[in-house]
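1. return a 3D structure for these sequence lines:
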Amino acid sequence: MKEQPLILLVDDDPVILELMREILRFGSSYGVDVARNGRVAVERLKKTRYDLVLTDMVMPEMQGLELLQYVRLHHPETLTIVFTGYANYQDAVTAVKLGAFDYLTKPLRAEILRHAINRALEFRRLTRAQRDLEMVLQGAESLGWQALELVSDTPEAAVLTALREEAQKEQNLREVGRRFLEASRQLVAATHGSIFLFKATLGQFCGLAAMGPNQEYRAGLKVSANSGLMGYLATHPRPLLVADLRQDSRFPMNPGREGYRSASLILIPLLGRKFWGVINLSDREDGAPFTSRDLFLGWLLGRLLVEVLETRQDQQPRDEFTPPAALVHEQVPVALAILDEDLQIVQTNPALEGLLGTGGKVLAGQEFFPLLGLDLQTQQELRDSFQSALSGQEQRKISVKALPDGQSERFLEVKMMPIPGREGSTQGLVLMEDVSELEQLRQRLHLFEHLAIMGKLSLCVAHELNNPLDGIRRYLSLAVMKKEEPQEVERYLAEALNGLEKMASSIRSLMASAEPLKTSRRKVNLQNLLQDALKIMMFQASDQMVNVTLNPPRELQQVKIEGDLYHVFLNVIKNALQAMPQGGHLHIGGLLHPQEMEIIFQDTGNGLSTQELEQIFQPFYSTKRGAQGLGLGLPICQKILERHGGRMEVSSQPGQGTRVSIFLPKQVQRGGRVH
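-> Down below sits the predicted model:
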């Protein structure tokens with residue numbers, strides 16, 4: 001049964017409040033609650049999970065902007081729309097900065113109000129679906145091509161397997177691209193598509209194949225690497241599902257797409273040993289938007305094409321080396337130099353001469369590295385790297401800070417590789433690229449990332465510390481009131497001390513999990529891994545008023561497990577929270593068995609029927625409606641557990657919650673400790 005969205009209306013005028021409630025209830029598919037001011041709204045938000053809050057700007061006791069701040073801090077997944085009869089530009093800007101989804105002016109017309117609400121609820125649904133899909137794809141990526149086993153014995157798997165065999169036999173790469181696009185028609189019913197390969201030396205995407213109208217023209221196109229949707233994907237290389245390009249906030253300046261029936265599209269980055277390019281798919285045959293299932297199948301198609309491209313690169317015969325003189329004299333933007341075994345210059349190109357500011361002076365015969373304006377330690381490091389490249393017959397790369405013209409500081413990326421010289425001698429090719437601007441941007445990016453992490457951490461700290469701080473305040477107030485009763489004062493102070501210890505523990509945990517998505521493949525502490533998975537779902541649990549307890553047995557608290565099991569824990573916790581949209585309890589514990597350990601997740605949700613239990617591990621089966629569920633989360637978790645010799649068991653009954661047990665084999669090291 002589909003969950004009905006719940007809206008909270010906040011206004012101090014009872015007439016307007018009642019009128020708006022009637023407008024929203026008439027012919028609507030969502031529930032409506034009301035609050036006469038901001039403080040009443042806060043109390044309602046503490047007890048009920050709302051999808052959307054509509055609030056007046058000017059109210060007694062608590063202003064609309066104050067309520068916005070509270071919602072953003074304590075219920076970040078709840079969207080807000082602000083309306084006011086005293087509209088001004090500054091208030092609108094302030095409201096948007098505080099996280100308001102929309103800003104409306106009174107008098108409110110019914111159709112405008114409903115349109116704004118529907119846009120907000122659709123945005124919230126798509127955001128959640130995209131977040132869940134991102135989590136599934138992260139797990140699938142850890143499986144690599146093994147992810148195809150998730151859809152084994154399906155027509156889609158047969159299409160991909162046949163395509164793989166055809167691609168291995170076909171010599172013409174353009175024909176391979178055409179067959180991949182034809183396969184996309186079978187897999188996701190796309191009628192338009194294109195494949196572009198990224199050429200780093202040109203800074204362009206070059207067409208490989210196209211499907212649909214003007215396909216020959218589109219297959220021959222060259223597109224700048226920093227423009228349009230493909231430019232976005234080059235800097236955000238994640239599979240991208242766009243339900244409606246016209247309403248997607250990520251592409252506000254994207255021009256209209258003429259000749260397309262639908263505004264829905266899929267973009268798949270081709271990622272392997274390098275960024276190979278992009279697959280673009282659009283216009284489903286039925287005109288409907290693409291789904292999460294379509295994106296996953298497109299991702300599998302992209303994985304297969306990357307495999308084909310990298311296999312072909314490995315199989316290409318190594319051509320005889322082009323004479324160095326021909327290479328060096330080309331007008332290429334990268335500074336080049338050929339050095340002999342004594343590190344003396346044999347030849348340079350104009351780009352290097354410009355970088356050094358030599359003004360046409362003859363450089364041949366001079367030792368190269370002192371010309372770069374490096375300190376003695378860096379010069380020796382480059383000499384050692386160059387000799388290592390010559391002796392090991394492999395490419396070496398190093399980044400240095402230099403003063404090549406004796407005036408301005410530059411950041412240089414230096415690559416060194418061996419090349420054949422005359423009469424069997426060995427020479428070295430040195431390539432230098434000025435990456436000063438990139439380095440400055442990277443430093444600024446590190447600063448912005450740090451600030452973003454600190455911002456998120458501040459929200460987490462405020463949220464995590466609010467409850468124990470409130471308890472400490474109450475216990476201290478009680479201690480003052482009972483100051484004539486020493487035993488009561490001692491008891492209240494002890495409770496306040498416990499609250500302070502909880503706050504200290506929360507701060508340590510939050511600091512350790514500032515970047516919870518960056519998981520490691522090394523072995524980490526089981527309890528820390530569970531805590532990290534809980535931290536990222538903390539806001540959702542609080543927003544849904546789900547109480548979470550983590551209490552594994554003492555024997556399991558020091559167990560070391562593989563870091564990639566983080567995804568499994570995260571997915572199970574997410575499923576448990578989604579089963580309790582109106583609150584409940586999630587308990588995480590465990591048991592130690594003779595040959596294995598068991599990690600238990602027990603929720604108090606609606607539970608699953610026998611029929612649902614039989615199908616939850618089947619690919620593309622989901623108990624969620626519409627685009628919310630791809631139905632691959634548990635199959636991916638199962639594959640990850642199998643790789644570690646583990647398994648997952650699920651037991652449930654309707655109305656009695658669900659129990660998920662993860663079993664992992666015990667590994668006993670010397671001394672009998674379990675790891």
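2. residue contacts, residue 61?
-> 37, 38, 39 (Cβ atoms under 8 Å, 6 or more residues apart in numbering). Glycine gets a C-beta too; all of them are placed from N, C-alpha and C.
3. could you redo the last one with a cut-off of 6 Å?
-> Counting by Cβ atoms under 6 Å, 6 or more residues apart in numbering, residue 61 touches 37, 39.
4. ok, so what distance separates it from residue 338?
-> 78 Å (Cβ to Cβ, to the nearest Å).
5. residue 4 too?
-> The separation that residue 4 has from residue 338, given Cβ to Cβ, amounts to 72 Å.
6. okay, these two: which has more neighbours?
-> residue 338 (21 against 10; other Cβ atoms under 10 Å).
7. export the helix or strand harbouring that one as CSV, just CAs?
-> Of the helices and strands defined by DSSP states H and E, residue 338 is found in strand 335-339. Provided in CSV are the C-alpha atoms of strand 335-339 (Å, rounded to 0.1, in the frame of the first residue of the first chain):
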residue,chain,number,x,y,z
ALA,A,335,57.1,20.7,-22.7
LEU,A,336,59.4,17.9,-24.0
ALA,A,337,63.1,17.1,-23.6
ILE,A,338,65.2,14.1,-24.6
LEU,A,339,68.1,13.3,-22.2
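8. now that strand: mean pLDDT?
-> Averaging pLDDT along strand 335-339 yields 82.
9. that one pairs with which strands?
-> strand 345-348 (antiparallel), strand 426-434 (antiparallel) (DSSP bridges).
10. any chance of these in a markdown table, with mean neighbour count, distance to residue 214 and mean pLDDT too?
-> Conversion of the strands paired with strand 335-339 to a markdown table gives the following (neighbours: other Cβ atoms under 10 Å; distance: least, Cβ to Cβ, whole Å; pLDDT from 0 to 100):
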| stretch | mean neighbour count | distance to residue 214 | mean pLDDT |
| --- | --- | --- | --- |
| strand 345-348 | 20 | 46 | 83 |
| strand 426-434 | 19 | 37 | 81 |
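11. still on that earlier bit, how far does the strand holding residue 338 sit from its chain's centre?
-> Centroid separation between strand 335-339 and its chain, computed with Cα atoms, centre = their mean, to the nearest Å, is 40 Å.
12. run through who's touching that strand.
-> 324, 328, 345-349, 351-352, 355, 368, 427-432.
13. point out where the stretch 151-300 of the chain drops to low pLDDT.
-> 201, 247-260 (pLDDT under 70).
14. tell me where it has helices.
-> Taking DSSP state H, counting those that start in this stretch as the test, the helices found in the stretch 151-300 of the chain are 155-169, 173-188, 215-219, 228-235, 292-315.
15. of all the ones you listed, which lies closest to residue 501?
-> Comparison of these against residue 501 by Cβ to Cβ identifies helix 292-315 as nearest, at 43.2 Å.
16. give the other helices and strands that that closest one contacts.
-> helix 155-169, helix 173-188, strand 265-271, strand 275-284 (3 or more Cβ pairs under 6 Å, 6 or more residues apart in numbering; DSSP states H and E).
17. adding mean neighbour count and distance to residue 45 as columns, could you present the ones you listed in JSON lines?
-> Below are the helices and strands packed on helix 292-315 laid out as JSON lines (neighbours: other Cβ atoms under 10 Å; distance: least, Cβ to Cβ, whole Å):
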{"stretch": "helix 155-169", "mean neighbour count": "15", "distance to residue 45": "44"}
{"stretch": "helix 173-188", "mean neighbour count": "20", "distance to residue 45": "40"}
{"stretch": "strand 265-271", "mean neighbour count": "23", "distance to residue 45": "37"}
{"stretch": "strand 275-284", "mean neighbour count": "24", "distance to residue 45": "39"}
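18. how about those in CSV, adding distance to residue 290?
-> Listed next are those as CSV, based on distance: least, Cβ to Cβ, whole Å:
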stretch, distance to residue 290
helix 155-169, 15
helix 173-188, 7
strand 265-271, 5
strand 275-284, 6
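19. just tell me which of these ends up closest to residue 198.
-> Of those, the one closest to residue 198 (Cβ to Cβ) turns out to be strand 275-284, at 4.6 Å.
20. helices or strands next to the closest one in the packing?
-> Counting by 3+ Cβ pairs under 6 Å, 6+ apart, strand 275-284 packs on strand 190-199, strand 265-271, helix 292-315.
21. let's see that with 7 Å instead.
-> strand 190-199, helix 228-235, strand 265-271, helix 292-315 (3 or more Cβ pairs under 7 Å, 6 or more residues apart in numbering; DSSP states H and E).
22. and the second one, how far out from the chain middle?
-> Its chain's C-alpha centre and that of helix 228-235 lie 16 Å apart, by Cα atoms, centre = their mean.
23. quick one, it and strand 265-271 angle?
-> 40 degrees (axes from the mean of the first three to the mean of the last three Cα atoms, to 10 degrees).
24. pull out the buried positions in helix 228-235.
-> 229, 230, 232, 233, 234 (16 or more other Cβ atoms under 10 Å).
25. before we move on, what about the longest one?
-> The neighbour-count check on helix 292-315 (16+ other Cβ under 10 Å) flags 292-309 as buried.
26. my guess is residue 77 meets residue 538, correct?
-> No: in this structure, residue 77 is not within contact of residue 538 by Cβ atoms under 7 Å, at 11.4 Å.
27. check the closest residue to residue 29 other than its chain neighbours and give its pLDDT.
-> Excluding its sequence neighbours, the residue lying closest to residue 29 (Cβ to Cβ, 6 or more residues apart in numbering) is residue 4, at 6.6 Å. Note on residue 4: pLDDT of 78.
28. could you look up the SS state of residue 4?
-> coil (DSSP: H, G, I helix; E, B strand; the rest coil).
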